[in-house]
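Peer 1: Here you go, sequence then predicted model.
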Amino acid sequence: MNYLKDFITKFVIAMQKRPGLMAVLAFCSGVASFIFVERKESFSQVISILLLVSWVWLILDNWLRDKVEQQFGLAVSPNFMRFALQVVQQESLFFALPFFLAVTTWDHPQAAFTGLIALCAFISVVDPLYYKKLAKHSVLFTVFHNFSLFVVISVTLPILFQLTTSQSFEIALITAVIFTIPSLGNLMPNAKWWRFPLLVLLLGALSAGLWQLRSFVPPAALRLTDMSMSYQLDEQARKPIEPIQKLTEHALHQKGLYSFSAVKAPRGLNEKIYHVWVHNRKEVERIPLEISGGREKGYRAWSHKTNFPADSSGKWVVKVVTESGQLIGQRRFEVE
């Protein structure tokens, strides 16, 4: 037991002396996790379990430290817990970041959400920013901590439990709120009694606002691997025939138009998505589709639109969205 205690102490001291090394390890670990997940999906389940167990351990921090000391006589120092907290945040952010990068539509507001994850990941590995700027401000640090928890839950739940994107978003948001509430009292230790319920109401309002803006959050578990438009579709082969680039009103009214998409999802995940047809920024049709996960090149689905308006010219967008309105991908085209 003394050997284990000495090893942990030396490791923490070594990492604190070389923060740059820890940053490199965290980044490489996140990228390696994503690569292994792409090649073997069961590996993602192992990583997801480890990350969730790490968060549970941090949440039960004080209780676990007391139990370890009682059972093994091993006193876990606050410095080690602070270091462990940083490592778990780093691993969570860098594990989740590649998933969000892969699915983000960069000409959509969801790019801001992915950019925020990248910024948080950067802060987590730069000790002068993390300890001297972020950690000294309790409100910012609480937001940072629970944002990291929200992000990692959003990614891991579809992988582990085959929950839909909407269900995962709801659970991630509720979990982050629940674990934020106990820390609110520590933000203003000497404040008047009415400050705490006011902060709870403010937290509820912010959460409701985030729920309304959920379309800005990329669905990390889903990815659009292919999308094209065609006048004809080979339904047996489940692929378009001669994808087209230019469209005319006459052809649309004569033949209609197929929108073909292939969406990659975790094995075992069944989810409803929609093809949303938008003409000159106005939604004209929403077609539901069912997809199943586990296919390497994505689950192939399509919608066939025939009832085009008399004046079909202008800019069109076919959006692929989840049931909660999160954008998976889109295809733009113009009708002459």
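Peer 2: Perfect, thanks for sending it.
Peer 1: quick one, helices of the stretch 151-300 of the chain?
Peer 2: Along the stretch 151-300 of the chain, the stretches classed as helices by DSSP state H, counting those that start in this stretch are 165-187, 195-212, 249-255.
Peer 1: Return the most buried member of those helices.
Peer 2: By mean neighbour count, with neighbours taken as mean count of other Cβ atoms under 10 Å, helix 165-187 ranks first of those at a mean of 17. Every C-beta, even on glycine, is put in place using the N, C-alpha and C of the backbone.
Peer 1: got the angle between it and helix 195-212?
Peer 2: Relative orientation of helix 165-187 versus helix 195-212 (axes from the mean of the first three to the mean of the last three Cα atoms, to 10 degrees): 160 degrees.
Peer 1: Would you format the helices of the stretch 151-300 of the chain as CSV with mean pLDDT and distance to residue 228 included?
Peer 2: As requested, the helices of the stretch 151-300 of the chain are exported to CSV (pLDDT from 0 to 100; distance: least, Cβ to Cβ, whole Å):
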stretch, mean pLDDT, distance to residue 228
helix 165-187, 80, 23
helix 195-212, 80, 32
helix 249-255, 87, 15
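Peer 1: can you tell which of those is closest to residue 298?
Peer 2: For residue 298, the closest of these is helix 165-187, at 15.1 Å, according to Cβ to Cβ.
Peer 1: how about the helices of the stretch 151-300 of the chain in JSON lines, adding distance to residue 53?
Peer 2: As requested, the helices of the stretch 151-300 of the chain are exported to JSON lines (distance: least, Cβ to Cβ, whole Å):
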{"stretch": "helix 165-187", "distance to residue 53": "15"}
{"stretch": "helix 195-212", "distance to residue 53": "25"}
{"stretch": "helix 249-255", "distance to residue 53": "54"}
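Peer 1: Indicate which one of these is closest to residue 239.
Peer 2: Taking Cβ to Cβ, helix 249-255 is the member of the helices of the stretch 151-300 of the chain nearest to residue 239, at 17.4 Å.
Peer 1: Identify each buried residue in the lengthiest helix in the chain, please.
Peer 2: Assignment by DSSP state H gives helix 78-103 as the longest helix of the chain. Buried residues in helix 78-103, defined by neighbour count with 16 or more other Cβ atoms under 10 Å: 80-81, 83-100, 102-103.
Peer 1: Identify whichever of the helices of the stretch 151-300 of the chain lies nearest to residue 265.
Peer 2: The nearest among the helices of the stretch 151-300 of the chain, by Cβ to Cβ, is helix 165-187 at 9.1 Å.
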